[in-house]
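[1] from the sequence below, what's the structure:
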Amino acid sequence: MKNLILIIICFCFLAPTYAADQVKLLSAPVDLNDKSSLQRGARNFINYCLNCHSASYMRYNQLKLIGLSEETIKKDLLFTADKIGDPMDIAMQNENAKVWFGAAPPNLSVTARSRGADWIYSYLRGFYRDSSREMGWNNTVYQNSAMPHILWELQGEQFYDKTSNSLILQKKGLLNPEQYDQFIGDITNFMVFVSEPNQQKRKQIGYYVLAFLLLLLVLVINLKKEYWKNIK
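    This next block holds a predicted model:
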């Protein structure tokens, strides 16, 4: 018991220190009911992310859930597969990726569930120039990440100001800051969808289940009253 109390006391003292070292994440604009955002996110993800990262738990035909037709998927988005029922996989082998990048790019199928939408959104906004890194980039959210900033032409080049502990845009990109934030916001929104494509349907079914349980509760209460009314 004394050891347990000691552990709790130590945790209380260490927890604030640990929390202070964590990066403050930005709030991601996630709205799974916004199909326009999800469709833009699918386009952005497939064109920029799917070159190195796979999302093999997701199949192309599930894009119909966000309002895309089979013809549109085949014509505009089916770049890494032959059939619409194929998973979102890539041709690059992990062995080659380790040689080129130092580590194999992770599968992004459930990253939104493991990392969280705010982490993804903040990470994609957190790249800055760092000449000490092999790729020339670093990240405020994930220090010394092996991933290069593939969106730098869109965002521009940022540098990290240690004095103010903030990122400053040094060289403008093709998109202004508001447009870039929407661009990665759409990607983040789509990655949340990818992590559980039937999330909205699951929630709708949940409401029906709760309604059924409430109705069953009323029936059970009345049955109990009817059974016990003549028993003293």
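
[2] and the contacts of the helix or strand hosting F159?
    Secondary structure assignment for F159, by DSSP states H and E: strand 156-161. Residues outside strand 156-161 that contact it (Cβ atoms under 8 Å, 6 or more residues apart in numbering) are 127-130, 138, 140, 166-173. (Each C-beta comes from the backbone N, C-alpha and C, glycine too.)

[3] would you map the strands across this protein?
    55-59, 87-88, 127-129, 137-139, 156-161, 166-172 (DSSP state E).

[4] same list (the ones you listed) but as CSV, adding mean pLDDT, mean neighbour count and distance to K98.
    Formatted as CSV, these follow (pLDDT from 0 to 100; neighbours: other Cβ atoms under 10 Å; distance: least, Cβ to Cβ, whole Å):
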stretch, mean pLDDT, mean neighbour count, distance to K98
strand 55-59, 93, 19, 18
strand 87-88, 93, 22, 21
strand 127-129, 96, 20, 22
strand 137-139, 95, 20, 19
strand 156-161, 95, 16, 27
strand 166-172, 94, 12, 29
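
[5] who wins for proximity to V192 among those?
    Of all the strands of the chain, strand 55-59 sits nearest to V192, with 12.0 Å by Cβ to Cβ.

[6] helices or strands next to that closest one in the packing?
    strand 87-88, helix 177-195 (3 or more Cβ pairs under 8 Å, 6 or more residues apart in numbering; DSSP states H and E).

[7] give me the sheet partners of it and which way each runs.
    When pairing is defined by DSSP bridges, strand 55-59 lines up against strand 87-88 (antiparallel).

[8] residues near T188, how many?
    By the measure other Cβ atoms under 10 Å, the count of residues near T188 is 28.

[9] what's the distance between it and K74?
    From T188 across to K74, the span is 26 Å (Cβ to Cβ, to the nearest Å).

[10] then A42?
    14 Å.

[11] swap in I205?
    From I205 to K74 the distance is 30 Å (Cβ to Cβ).

[12] one more: E157?
    Taken as Cβ to Cβ, the span from E157 to K74 is 37 Å.

[13] likewise F193?
    In terms of Cβ to Cβ, F193 sits 20 Å off from K74.

[14] can you check Q170 too?
    41 Å.

[15] what of N230?
    69 Å.

[16] more neighbours: these two, which one.
    K74 (13 against 6).

[17] tell me who's in contact with the closest residue to the more buried one other than its chain neighbours.
    Nearest residue to K74, sequence neighbours excluded (Cβ to Cβ, 6 or more residues apart in numbering): I84, at 6.1 Å. Counting by Cβ under 8 Å, 6+ apart, I84 makes contact with 59-61, 70, 73-74, 78.
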